[in-house]
Structure formats: C-alpha cells, structure tokens
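Visitor: this one's sequence-less:
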DNA sequence: CCAAAAGTGTTTCACGTACACCCATGC
DNA sequence: GCATGGGTGTACGTGAAACACTTTTGG
C-alpha cells in the first residue's frame, strides 16, 4: 500500500519530554531505540502521527505504547522542523512536555523501544536527533511555567507535604527557598486542602498532608486570581 | 510529478498572525482568499511548507508573498492539527505571530491572495478554517508575553514617545495605566535612550522621542535583569 | 486664550525577604 | 537522648498604587 501526492510532504511526528521528580532530582523519561537511525541510543519517546489522529492523541498514544505512561498532564511545547534534523527524511516533530508522579507509573518498554528509564536531567546520556535541544527547551519552559501556573502538583502524589512541594520548586527553579516564606505564601493562596492526616514511616516528626484544591483554584481564577510562586 | 510514501502524510502549512497598532486599535493583517476552499473569505496569511525549507522560513516567505510584509519580529505560536480543520485534506499548520509597525509596510497582495488589509481585532470578519481560534490564541499569547519581554517596541516606529508606548500597553492589556507610574517604571529600567528630539506636527506640546536601547537591554539581561511591565 | 497632551513627586500600603527557635517522632 | 525535619512570627525595606497641577504648543 502506498500514498501519492502532487507535492512532497514531510513525515510528521511527535516527541514527549516526560518529567518526574524523586527525592533527589528532576528526572526525564527516555527510551532506548531499537531501530535505526540511532539504534541503541537513548531518545525521547515519540513516533509518527497517524493520518486520522489529532496531534495530542498521537503524543499520548506513543507515550503509552513506548513506555506504559498514561493519563498525564501533557501540553504542546514547540514544533521542530529543521530540514536536516532526521538523517533519513524530512521529519517535522511536534514536541510535548508531560508531568507525572514517578511512582504512579510502572514503566513498560514496548513498540520500538528496547527499554524505558528515568534519567536525572543533570546526568543525561547522549540523545538521538535534536532531542537534547528539545529537552533543554522543555526544561526552560517548565521553569517558566511552574511560577505562574499551579501545575507542579502534577509531579507529586495526590497527597503531599509542604516539604515535598517546596522541594519541587527548589529543584525545578534550581534555588533555595525560605521555608517560612514559602509556607506563608502557598497557604495564603487557599489552594491547598489540609487533609487532617500525616505522613508515616519517616524517621522524624510526621508532616501534615495536603492536596491541591482544583475546584477552589478554578473559582479563584474566575474572580481574577493569578497563581504566582 | 508526484511523490509516493508508504504511509499517508498530512499536508504541512504555516499561518501568520501579524499584529500592528494604530492610534486607536490593535490590528491584524488578513488576506482575502482567492481559491477554494473559503474563496472570498478572509484568512490569516500562510501556506504550505516546502520540503527543503525550515518552518520559520516558510512563515516568512508566505508572509512576504501574500502581503509584502518582510523583516519582522516573528515567533512560533502553536501547532494546530485537528483532523478536520481543513475540509480538503488533513493539514497540520504551525501558527506564528508577528509584530510590525503598521506604517513601515506597504501591503501588496499577491500569490493566492486577492487583497491584504488590516482589521481591528475588535471588528473581525468571519475567518476561514480555524483561523479565528488561532487568532484568539495569538492575542492571548501577546498579552502574556509583552508583560515580561520588551517586544512591544516592535509595534512602534523606531523613535516613539512615552505616550505611544503607554498607549500600546493599554491597548494590548486592555486596561488603563497610570501615566506617572508608567513613566517612572519604564524610565527606571534604563532601556530607553532619550534622543533629544521631539515629535512634530501635533496640536499640543511636543513630546520627547525615545528609542529602545537593545544593546543595554542585553547587557542588563546578562546581569540578571528581568523586564516586567 | 483655549484645547490638548507633556511632564513631574509624594504618600501610603502591601508584599517580599531575612531570620532562629522549640516541637514531635523514630531509632 | 539524639538526630531529623516540622512548624511558627516579626521586623524591615522595596516597590506598586493612588493621586493633581503646571507647562508647552498649535490653532
């Protein structure tokens, strides 16, 4: 089966930069490619868009197929279309970034990925194609976006402590924050619902658990509220 | 001549949302389509990307071909890829937004445009395809971006008065600003070079002319400065 | 001389920032 | 009992916001 057009067309792909957070680092989900070009090289999960498939859907599908990750926060990042970014053919790729809670997802490599694994953004292997450039832009976007939209929560479990939340911002923004000022500010926004529970299994005083109150956030936005770290 | 591929491929286009500013309104540059679909309908300038052409280059080329507008500030906005956004065929379009000084550009409709004209964003005709959606997103992006990047200047002549600059922000952000506070803040940033000249031909006291000091802005950024309105 | 916009300072208030100690828990 | 992080309040300074009058120019 083949398809013929009057003018040549680029191939059309998606790539996903999936961020996760552990106790130490900001991490990104990579796959080891099973095919040429760059077979054996680490790369962003992604692949070609089907002809009857919206781009966002393609990003979610490829992510699920190659890594097992599903139902996550996903937004378009940028479209990369340098003529020579793929050695085989002209390939235009719409890059997405996703935020997930690391522990929620069992990784299942499949499709044309040999394996899928988390890498610290500070210790990355060599990446295929222009994926390093895509990743850099995604990290930059993430830094910009967490400061004025409450999406950092996507990286945490549904119930989390203020310590975890502060650690999240410190990791992404790459600077220390003052504990008292952070708590004052974030609690003052009325976006966190205190659950009346505490964490357990820690070798120190257990911290209170909170969750992001999306309903109240939406109401506040309607009244003109702007989240800002 | 024709081109054959193993899998079907979307057609691949660009569209440009070109903003300009006059004494009254924020305006956008539209073309009247000469061909089906939507012949006779107003639309964003744009067209198909050549196979050996970077996407940005395609946006600039189409803009020049269809409207005569060249050498402008142009950035990628978003990629639109709904399956049914074009009735003929699957077409993915990378949208760009551009900022120009209205008076610098003589409009020359050509290529597949019958005419090109400026429309106030508050009084728009019906637009082809999903161009209204693209335009809305562009306007939203513009509002977001002028507040923390000094790109508003792209909409003004090289020499401008503080009045014009304030009017620009009031128009884009759609709210009144306090004259004294605005002047204090913008002059305090040391981004404007006073030219020692005044405007002429006005029926009131002539205002001083300034220009944006890009060199100094770049230096300040290197020292950690962040523009913020 | 009238209309129209240019240009200019001060006060007030909110918010960001800096900073240190006691408390609860697990081991 | 000790190590580890949890949790809390205040003082200071900067910057945003509110606000009105005089000056200049063209017609």
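Guide: All right, it came through fine. Note that this is a predicted model, so its numbers are computed, not measured.
Visitor: from one end of stretch A:144-159 to the other, what's the distance?
Guide: Between the opening and closing residues of stretch A:144-159 we find a distance of 24 Å, counting by Cα to Cα, to the nearest Å.
Visitor: in it, which residues are buried?
Guide: Buried residues in stretch A:144-159, defined by neighbour count with 16 or more other Cβ atoms under 10 Å in any protein chain shown: A:146, A:150, A:152-156. (C-beta placed from N, C-alpha, C; glycine too.)
Visitor: quick one: which of these sit in helices?
Guide: Taking DSSP state H, the ones among the buried residues of stretch A:144-159 that sit in helices are residue A:146.
Visitor: dump the buried residues of stretch A:144-159 to CSV, plus distance to residue A:170 and pLDDT.
Guide: Listed next are the buried residues of stretch A:144-159 as CSV, based on distance: Cβ to Cβ, whole Å; pLDDT from 0 to 100:
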residue, distance to residue A:170, pLDDT
A:146, 11, 97
A:150, 17, 97
A:152, 11, 97
A:153, 15, 97
A:154, 17, 97
A:155, 13, 97
A:156, 13, 96
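Visitor: just the closest of the buried residues of stretch A:144-159 to chain B, please.
Guide: Using Cβ to the nearest Cβ, the shortest approach to chain B within those belongs to residue A:146, at 14.9 Å.
Visitor: roughly how far does the closest one sit from residue A:155?
Guide: Taking Cβ to Cβ, to the nearest Å as the measure, residue A:146 falls 9 Å from residue A:155.
Visitor: neighbours of the residue in chain A that DNA strand C sits nearest to, how many?
Guide: At 3.3 Å from DNA strand C, residue A:205 is the closest residue in chain A, using Cβ to the nearest atom of the strand. Under the neighbour criterion other Cβ atoms under 10 Å in any protein chain shown, residue A:205 is assigned a count of 7.
Visitor: confirm that it sits in a strand.
Guide: No - assessed by DSSP: H, G, I helix; E, B strand; the rest coil, residue A:205 does not belong to a strand; its assignment is coil.
Visitor: all strands for chain A, in order.
Guide: Residue ranges of the strands in chain A, as given by DSSP state E, are A:3-5, A:11-21, A:26-33, A:42-43, A:46-48, A:73-80, A:91-99, A:113-120, A:192-198, A:208-212.
Visitor: who are the packing partners of the shortest one?
Guide: Same thing as strand A:42-43. Judged by 3 or more Cβ pairs under 8 Å, 6 or more residues apart in numbering or on different chains; DSSP states H and E, strand A:42-43 is in contact with strand A:26-33.
Visitor: what does the strand it packs on rub up against?
Guide: A:16-21, A:39-45, A:66-67, A:69, A:100, A:102, A:107, A:109, A:112-121, A:124-125, A:127-128, A:135, A:139, A:171-172 (Cβ atoms under 8 Å, 6 or more residues apart in numbering or on different chains).
Visitor: partner strands of it, parallel or antiparallel?
Guide: Each strand pairing with strand A:26-33, determined using DSSP bridges, is listed with its direction: strand A:11-21 (antiparallel), strand A:42-43 (antiparallel), strand A:113-120 (antiparallel).
Visitor: what's the angle from the longest one to strand B:73-80?
Guide: Inter-element angle recorded for strand A:11-21 and strand B:73-80: 90 degrees (by axes from the mean of the first three to the mean of the last three Cα atoms, to 10 degrees).
Visitor: for strand A:11-21, what is the average pLDDT?
Guide: Per-residue pLDDT over strand A:11-21 has a mean of 98.
Visitor: so that strand versus strand A:91-99, what angle?
Guide: Using the same axes, to 10 degrees, the inter-axis angle of strand A:11-21 relative to strand A:91-99 is 20 degrees.
Visitor: can you mark which positions in strand A:11-21 are buried?
Guide: When burial is assessed from 16+ other Cβ under 10 Å, strand A:11-21 yields the following buried residues: A:11-21.
Visitor: tell me the one of those nearest residue A:80?
Guide: Ranked by distance to residue A:80 (Cβ to Cβ), the buried residues of strand A:11-21 are led by residue A:15 at 7.9 Å.
Visitor: residue contacts, that closest one?
Guide: Here residue A:15 is in contact with A:44-46, A:80, A:93-96, A:131, A:134 (criterion: Cβ under 8 Å, 6+ apart).
Visitor: give me that answer again for 6 Å
Guide: The neighbourhood of residue A:15, defined by Cβ atoms under 6 Å, 6 or more residues apart in numbering or on different chains, consists of A:44, A:46, A:93, A:95, A:134.
Visitor: from residue B:97, how far off is it?
Guide: 23 Å.
Visitor: over to residue A:76?
Guide: For residue A:76 relative to residue B:97 (Cβ to Cβ), the value is 15 Å.
Visitor: looking at these two, which is more packed in?
Guide: In this view residue A:76 and residue B:97 are compared by other Cβ under 10 Å, and residue B:97 has more residues nearby, 26 against 17.
Visitor: surely that one meets residue B:138?
Guide: Yes - using Cβ atoms under 6 Å, residue B:97 is in contact with residue B:138, at 4.4 Å.
Visitor: list residues touching both of these two?
Guide: Applying Cβ under 6 Å, 6+ apart, one finds that residue B:97 and residue B:138 are jointly contacted by B:17, B:77.
Visitor: how about TSV for the contacts of residue A:15, with distance to residue B:210 and neighbour count added?
Guide: Converted to TSV, the contacts of residue A:15 look like this (distance: Cβ to Cβ, whole Å; neighbours: other Cβ atoms under 10 Å in any protein chain shown):
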residue	distance to residue B:210	neighbour count
A:44	45	28
A:46	47	24
A:93	42	27
A:95	39	26
A:134	39	25
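Visitor: of these, which is the nearest to residue B:61?
Guide: When those are compared for distance to residue B:61, the smallest value, 21.1 Å, is given by residue A:93; criterion: Cβ to Cβ.
Visitor: roughly how far does that closest one sit from residue B:83?
Guide: Summarising the geometry, the distance separating residue A:93 from residue B:83, computed by Cβ to Cβ, is 18 Å.
Visitor: show the contacting residues for residue A:107.
Guide: Under the criterion of Cβ under 6 Å, 6+ apart, the contact partners of residue A:107 comprise A:67-68, A:116.
Visitor: and those, which is closest to chain B?
Guide: Nearest to chain B, judged by Cβ to the nearest Cβ, of the contacts of residue A:107 is residue A:67 at 21.9 Å.
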